[in-house]
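> got a structure for you, letters missing:
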C-alpha cells in the first residue's frame, strides 16, 4: 500500500485527553493501524504520555512538538523534518500570534525555511497554498473544544508524499460518518 502512495505521514494533534476529551473517536481509532504509515507528525497537546506512546507505536518515525498544555514535555517547540523532497516545519501554533493568521503563519514558515508548515492550536483543520508554500492544520483528532470554537469537528490529515508531490487526505467525523477530502500540490 505505502509503495503506491509513497511515504505516508499521519498528521494530528490537540487531543487534550483527558482534560477536554475522553478518547480518540472509535471510527478514527480503527484507522490508526501500526506500520501502515512511515511517519507520525503531532502538533502537540495530546496531553498525556500514554497518548504519545501510542502514537510512537504507529510508525517507525515519530515527530512531536510541545503544545501549551503539554506541561513538562520533552519535545521541542518547533521541529523541521524532511520527507521526500519537502522540508516540513511543525509547530503547535500557540506561538503564532494571532492564532491561525495567514501572515503570522507565513512569517513563521519563512523563519523555519520550510516548504510546508504544519500547525495546530486552533482545533480547526485547514489545507491551503499561499504564494507557493503550503499550510496544514490537522484540527483536533478528538474534537476537543477550543477557546476559538466550542463545536469542533474531529479531524486529522494523512499525507502521501512521492518525491516532489504531496496528496493530503483530510478526515472529518460528522456524527457517525467519516468524510474525506483530497488536495494535492507539487513542488516546482
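Ah, there it is. Predicted, not measured: the structure shown is a model, and the values here were computed from it.
> give me the neighbour count for the residue nearest to residue 174 when sequence neighbours are not counted.
Among residues not flanking residue 174 along the chain, residue 153 sits closest, at 6.6 Å (C-beta to C-beta, 6 or more residues apart in numbering). In short, each C-beta sits where N, CA and C put it, glycine included. By other C-beta atoms under 10 Å, the residues close to residue 153 number 15.
> cool, and the one 4 residues further on?
Applying other C-beta under 10 Å, we find 25 residues neighbouring residue 157.
> distance from the chain centre to the helix or strand hosting it, please.
Assigned by DSSP states H and E, residue 157 belongs to strand 155-162. Centroid separation for strand 155-162 versus its chain: 9 Å, with C-alpha atoms, centre = their mean, to the nearest Å.
> strand partners (parallel or antiparallel) of that strand?
With DSSP bridges as the test, strand 155-162 is paired with strand 7-12 (antiparallel), strand 165-174 (antiparallel).
> hmm, back to that, measure the residue nearest to residue 174 to residue 59 for me?
Plainly put, residue 153 is 24 Å away from residue 59 if you go by C-beta to C-beta, to the nearest Å.
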